[in-house]
Structures are given as C-alpha cells and as structure tokens.
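**Q** Structure for this input, please:
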Amino acid sequence: MDAGSHSISSEKNSAAVHRPPLQEAGSRPYMPSLSTTSRNPSAKCYGDRFIPDRSAMDMDLAHYLLTETKKDKENAAAMAASPSKEAYRRLLAEKLLNNRTRILAFRNKPPEAENVFAADAVSSHQAKPAKQRRYIPQSAERTLDAPDLVDDYYLNLMDWGSSNVLSIALGDTMYLWDASSGSTSELVTVEEDNGPITSVSWAPDGRHLAIGLNSSDIQLWDTSSNRLLRTLKGVHESRVGSLAWNNNILTTGGMDGRIVNNDVRIRDHAVQTYQGHSQEVCGLKWSGSGQQLASGGNDNLLHIWDVSMASSMPSAGRNQWLHRLEDHTAAVKALAWCPFQSNLLATGGGGSDRCIKFWNTHTGACLNSVDTGSQVCSLLWNKNERELLSSHGFTQNQLTLWKYPSMVKMAELTGHTSRVLFMAQSPDGCTVASAAADETLRFWNVFGAPEVTKPAPKASHTGMFNSFNHIR
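**A** Next comes the predicted model:
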C-alpha cells in the first residue's frame, strides 16, 4: 500500500487562508584581434611574384636539385661502367620527384577545381540529416499557488478540458483556470458533510464537468452557466476517487472497489458494474478507441476490461475482465494509453514498486519494465513525439521525460519540493500542468510545439446533456 493522505498542521492551514488560490507565486569586454590576417575568410592572399614564398617550397627537394649536378659529375665514371644503375637512378628520381624541377616557388599552388557533378551525385545518395534535438526548458513557465490541495496519492484532483480550461480541487472548492486569459473562477464549494472533493474529470465537450465527492456522490456541472445539472447518488458506498469519460458514459471508481458505468442521459444511470478490485480504485482510463478500460487499484492489481465482454443484465452480477495483471507490487494509480499505438498501455506503481510497465492489452503481455527509483504518481504521453512523461515522489519529486521505446532519460524537471501527485496536458499537447503536495501548480513547456496540421472539424458532444431538463 502507498501512503495516502497526510495530516496538515493547523499552522499550515491558517497560513493558507491568506493565500488566494491560483495566483502567481513570487559579458566579457570586446578585445580586438592582434592577428594581421584578413577578417574575411574567403579573401585570397597572394605572395609577391618577385619574392620566393618559403611556405610554398619543399626545402629538401630544393637541396637535392641544387646538389644533383655535382653528384652526377662525381659518379659519372661509376655510372658509365654500370648502365643498369644509371637506369635505376633515373627511374627512382622520376618516381620521387614526380617531374618536379622548380627550386623556387613564388606563390601557393592554386586550389583544384571542384567536381560539381560528383558532389551532386554524392549528396543525392546521402541520407537526410538527423532531426535536431529540441530544447527542453528546465524550469516551469509559470507557478501558481494551490492552497489546501489534499495530499492523497489515491485521488485525482486536476484535469484540463478541451476548451482550454483547467479544473483543480482545493479542499471543498472546485476552481477553474482559463489558460487562454489566465483568469480564475470558483465553480462550487461543496458542503462540509460531502467534502472534500476527491476526483474531477471533464466531459469530451470541454463544457461539462464531473466531480466526485468524499460522501460517494457524483455531481455533473455545466460550467458555461455554473449550473448543477444532476447528482448521481447510490453508485458507491464510499468516496469516489477516480472518474473517466467514454462519450456519454461516465465511469466511476470508488473506495469500495467497484467500477460503475453511468449513462448520464437516462434516469437509471448505472448501466454496468465491474467488480475485480478488493481495495480502492485509484486509476481509471478509457482507451482512445473507447473499446477498452484500464483500472488500477490499491490492491496492486491492473485490470483490462473490454466493452465486447460487458453485460448490462442485472443477473450477470459483474462483468469479467479481459486481463488481470499482478506484476506491480504497489498501488497502480498512473495509467496512460499510447496515442500512436492503440493496444499499448503504460502503468506506474507506488512507493514499493517504483516501476513503469508497458503492456500489450490485446495479449496481456508485459513488454517492458523500468525501475524509476521513486513512487510513480502520474503518466502522460507526448501527442506529437514518441515520448512519455512521469511524475514522482520522494526523493527528487521530479518530472522525468523518457524516450520511447528505448526509455532513455531526455530530461528531469525539478522545482517541486514534495511529491508531484497530479499532471494534466493542454489540448494542443504542448504544455503540462503539475500539482504537488507542496501546494503549488506549475506549468512546463516540456513537449514542444506540434507540427502544423489542418484543423479538424469540431465534433458536437452537447447532445448527451440536452435531456437533463427533462429528467424526473
């Protein structure tokens, strides 16, 4: 089991009251060159044509040519007696001198002409240059105060919606931070008997927000009008720590170990129940296709559920999992479906496990396991590159960027002074928000700018909430 919530001293609480939420937290001189050479590297330098240039001369060759005549006279008699030696001497001189006969050189040899056609031919066969490694800022772009953020590993208190609004629960109050304008608004403060808020999740339309409570209730809000649409009661027996949307289905996970699919369009909303965990469900994520659901619990179990195996018949009692995976040795909260491979799931274990594991959800096979050295609190895939970001607890409380599939560390982002419990990704996939037990919210430009693509038409998701006014 992982450490859950921690008690906060009265001094800390009293100090937090005075901190408004989501507010900003607090060459050599020129020396001229002493060289007389031209500043222009392309400028050509020619020597005086009447004065020999020693740098262009071969002094050994010059000495040989000057003394060759004297030696020839001394060896004339010997050469006349042996024609073969004379022939050998001439052949050796021809090879060594390479027909060079000049003693003085007045300028350097001109450069050889470039073979343009050969260069073009070689360049056409060369591979494209490697992609330049992008710059990853090591410090947060922005830091906001987050007083009263509950320090509990099993909760999910932050989400970033498709309308570019970030929601974060601070104690009993849900705040909305508009990333486009930087403005902050308070959506709701729940009653003390129902609080604190234990989970939050945006619907796909970026307008409607689901809020799970410590009392086991789930509230659905229209953030455009700040209106409570409905409250789902009786779904769980205790707090609701995890939420996940799949179109009009809101999946909820509770401390009672149950997972329930709720169709928010109908009166009798609980349409399916998954029972496989014996302890609190702290992680829930639907795959991009909406065909598979991953759930992680405090019982160290990971389940993969498939909609093709789901049953809405009450007599069925529960739905059978597709895979029951027991490789983690601590609570499994961090879950992330790969955006470029539909059957690839990354999971992270708690303090006694410290591992990131990769799964083929079709076969249930564990593809890789990496020991990170610390508690894995959250995982996010880069939408534009093959990269994975993880957030951690003791000892460094860092965010680590990994290259997939090699799992080589690309960067480690530090700044938080306590475990980084939650992460959320902006709609464009560039910015990551991290919230930690140090009661700060930090924004990191870790994933870089996406490639420019044609905008896709926006899908309308508002239809599933149209009937709320008619629910009786």
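
**Q** quick one: low-confidence ranges for the protein?
**A** When residues are selected by pLDDT under 70, those of the chain lie in 1, 3-18, 26-58, 61, 64-65, 68-81, 92-131, 311-318, 451-472.

**Q** where do the helices sit along it?
**A** Using DSSP state H, the helices found in the chain span residues 10-17, 59-74, 76-81, 83-97, 116-125.

**Q** count of neighbours near Leu228?
**A** For Leu228, the count of nearby residues is 13 (other CB atoms under 10 Å). C-beta here means a position set from N, CA and C on the backbone, and glycine is covered the same way.

**Q** beta partners for it?
**A** Trp221 (DSSP bridges).

**Q** Was I right to think it contacts Ile211?
**A** No - using CB atoms under 8 Å as the test, Leu228 is too far from Ile211 to be in contact (9.5 Å).

**Q** what do those two both touch?
**A** Val188, Gln219, Leu220, Trp221 (CB atoms under 8 Å, 6 or more residues apart in numbering).

**Q** what residues are up against Asn360?
**A** Contact analysis of Asn360 by CB under 8 Å, 6+ apart lists Asn343, Leu344, Leu367.

**Q** From the residues you listed, keep the buried residues only.
**A** By neighbour count, with 16 or more other CB atoms under 10 Å, those hold Asn343, Leu344 as buried.

**Q** Distance to Ala330 added to the contacts of Asn360, as TSV?
**A** Formatted as TSV, those follow (distance: CB to CB, whole Å):
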residue	distance to Ala330
Asn343	25
Leu344	22
Leu367	20
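
**Q** And the contacts of Asn360, which is closest to Asn246?
**A** Of all these, the one with the least separation from Asn246 (CB to CB) is Asn343, at 16.8 Å.

**Q** how close does the closest one get to Trp337?
**A** Using CB to CB, to the nearest Å, Asn343 is found at 9 Å from Trp337.

**Q** Filter the shared contacts of Leu228 and Ile211 down to just the buried residues.
**A** The neighbour-count test (16+ other CB under 10 Å) marks Val188, Gln219, Leu220, Trp221 as buried among the shared contacts of Leu228 and Ile211.

**Q** how far away is the last one from Gln279?
**A** With the distance defined as CB to CB, Trp221 ends up 29 Å from Gln279.

**Q** Equivalent analysis for the third one, please.
**A** Here the criterion is CB to CB. By it, Leu220 lies 27 Å from Gln279.

**Q** what does the second one give?
**A** Here the distance between Gln219 and Gln279 works out to 25 Å (CB to CB).

**Q** show me what contacts Pro339?
**A** Neighbouring residues of Pro339 by CB under 8 Å, 6+ apart: Gly288, Trp381, Lys383.

**Q** With Lys285 instead?
**A** Ala244, Leu293, Ala294, Leu335, Ala336, Trp337 are the contacts of Lys285 under CB under 8 Å, 6+ apart.

**Q** try Ser180
**A** By CB under 8 Å, 6+ apart, the neighbours of Ser180 are Asn164.

**Q** Val165 too?
**A** With contact set as CB under 8 Å, 6+ apart, Val165 has these partners: Leu176, Trp177, Asp178, Ala179, Trp202, Gly206, Thr223.

**Q** let's go with 7 Å and repeat that
**A** Leu176, Trp177, Asp178, Ala179 (CB atoms under 7 Å, 6 or more residues apart in numbering).

**Q** Make CSV from these and add neighbour count and distance to Phe394 to it.
**A** Shown next, in CSV, are those (neighbours: other CB atoms under 10 Å; distance: CB to CB, whole Å):
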residue, neighbour count, distance to Phe394
Leu176, 20, 31
Trp177, 21, 28
Asp178, 13, 33
Ala179, 19, 30
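
**Q** If we ignore the residues flanking it in sequence, what's nearest Leu243?
**A** Ser201 (3.8 Å; CB to CB, 6 or more residues apart in numbering).

**Q** my guess is the one you found contacts Asp159, does it?
**A** Yes - Ser201 is in contact with Asp159 according to CB atoms under 7 Å; the separation is 5.3 Å.

**Q** I'd assumed Asn397 was in contact with Ser374.
**A** No - counting by CB under 7 Å, Ser374 stays clear of Asn397, with 8.2 Å between them.

**Q** Pick out whichever of those two has more residues nearby.
**A** Just comparing Ser374 and Asn397: by other CB under 10 Å the higher neighbour count belongs to Asn397, 22 against 19.

**Q** Against Glu412, how distant is the more buried one?
**A** In this view, Asn397 and Glu412 are 11 Å apart by CB to CB.

**Q** next one: Gln341
**A** Distance from Gln341 to Glu412, by CB to CB: 25 Å.

**Q** before we move on, back to that, output the shared contacts of Leu228 and Ile211 as CSV; include the columns distance to Ile168.
**A** CSV is the format used below for the shared contacts of Leu228 and Ile211 (distance: CB to CB, whole Å):
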residue, distance to Ile168
Val188, 13
Gln219, 16
Leu220, 18
Trp221, 14
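
**Q** What is the most widely separated pair among those?
**A** Val188 and Leu220 (11.5 Å).

**Q** how about Lys322, what does it touch?
**A** In this structure residue 322 is Leu, not Lys. Leu322 sits in contact with Ile304, Trp305, Asp306, Met309, where contact means CB under 7 Å, 6+ apart.

**Q** switch the cut-off to 10 Å
**A** By CB atoms under 10 Å, 6 or more residues apart in numbering, the residues touching Leu322 are Gln292, Leu293, His303, Ile304, Trp305, Asp306, Val307, Ser308, Met309, Thr361, His362, Gly364.
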